[in-house]
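1. no sequence for this one, just the structure:
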């Protein structure tokens, strides 16, 4: 099943579609606290837009987006954002992930909850995106498609 | 939701599942799995579970399809021992 060849139409379609999927992923992450979706779904959409380019364009093109060595640090940064938010709230006198206790001066408690959920969802989205891309990169290691 | 439309979606769901199980070509089976996931997401949304439908559409129809295609390309039909 290896009779594949480079197709400019597939590559053009993937290049046309990928940025819009990525913008929609960020929309889902940022609107996660009052509409369906959230960090996981938005992160999976971001990963889908990156994987589309990786499948259609091969590793030469994918190196311009996120290189293989950058995926593990990105996932770690996402997890650290999540736990740092929770632990900072804990250190400031609340419970774990108690957004109201976050020490941001001059913000009302309801806005504080809003911002806290936004911060942890950006962290979750980064971690999910990086790990899905990492799974793909480890599966195709040493072989290049397209 | 309109029950006629849901019935049609259920029929296509069963059809895609049977084709995915019975077909010889693995790439066709992967495409049928993707169609199954997407119809399942439509049914989840029709039943009011929008979050579950969203996750099913993104993961089942997007990312797992790509990963299955990679697995199909990395294996061969005959063993070369």
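-> Sure, I can see it. Treat the numbers as computed from the prediction; the structure is a model and nothing was measured. Residues are numbered from 1 along each chain as shown, chains lettered A, B, ... in the order given.

2. For chain A, give me the ranges with low pLDDT.
-> Applying pLDDT under 70 to chain A picks out residues A:1-5, A:142-146.

3. repeat for chain B
-> Using pLDDT under 70, chain B drops low at B:79-81.

4. how about the residues of chain B near chain A?
-> B:26-27, B:50-51, B:54-55, B:58-59, B:62-63, B:66-67, B:69-74, B:76-77 (CB under 8 Å from any CB of the partner chain). Bear in mind the C-beta positions are built from the backbone N, C-alpha and C, glycine included.

5. Now do the host helix or strand of residue A:136: distance to the chain's middle.
-> When elements are assigned from DSSP states H and E, residue A:136 belongs to helix A:109-139. When distances are taken as CA atoms, centre = their mean, to the nearest Å, helix A:109-139 is centred 6 Å away from the chain's centroid.

6. cool, and stretch A:102-115?
-> Chain-centre distance of stretch A:102-115: 24 Å, with CA atoms, centre = their mean.

7. which residues make contact with it from outside it?
-> Applying CB atoms under 8 Å, 6 or more residues apart in numbering or on different chains, the contact partners of stretch A:102-115 are A:33, A:85, A:88, A:89, A:92, A:99, A:100, A:116.

8. Then stretch A:68-86?
-> Outside stretch A:68-86, the residues touching it (CB under 8 Å, 6+ apart) are A:66, A:96-97, A:99, A:102, A:116, A:119-120, A:122-131, A:133-134, A:137.

9. can I get the contacts of stretch A:102-115 in JSON lines with secondary structure, distance to residue A:11 and neighbour count?
-> As requested, the contacts of stretch A:102-115 are exported to JSON lines (DSSP: H, G, I helix; E, B strand; the rest coil; distance: CB to CB, whole Å; neighbours: other CB atoms under 10 Å in any protein chain shown):
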{"residue": "A:33", "secondary structure": "coil", "distance to residue A:11": "37", "neighbour count": "14"}
{"residue": "A:85", "secondary structure": "helix", "distance to residue A:11": "40", "neighbour count": "21"}
{"residue": "A:88", "secondary structure": "helix", "distance to residue A:11": "45", "neighbour count": "17"}
{"residue": "A:89", "secondary structure": "helix", "distance to residue A:11": "46", "neighbour count": "21"}
{"residue": "A:92", "secondary structure": "coil", "distance to residue A:11": "50", "neighbour count": "13"}
{"residue": "A:99", "secondary structure": "helix", "distance to residue A:11": "44", "neighbour count": "22"}
{"residue": "A:100", "secondary structure": "helix", "distance to residue A:11": "49", "neighbour count": "13"}
{"residue": "A:116", "secondary structure": "helix", "distance to residue A:11": "41", "neighbour count": "22"}
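
10. from these, which is closest to chain B?
-> Checking the contacts of stretch A:102-115 against chain B by CB to the nearest CB gives residue A:33 as the nearest, at 12.6 Å.

11. Separate out the buried members of the contacts of stretch A:68-86.
-> Listed as buried from the contacts of stretch A:68-86 are A:66, A:97, A:99, A:102, A:116, A:119-120, A:122-131, A:133-134, A:137; burial here means 16 or more other CB atoms under 10 Å in any protein chain shown.

12. Could you identify the most distant pair in the contacts of stretch A:102-115?
-> A:33 and A:92 (20.8 Å; CB to CB).

13. follow-up on the earlier one: among the residues of chain B next to chain A, name the ones in helices.
-> Members of those lying in helices (criterion: DSSP state H): B:26-27, B:50-51, B:54-55, B:66-67, B:69-74.
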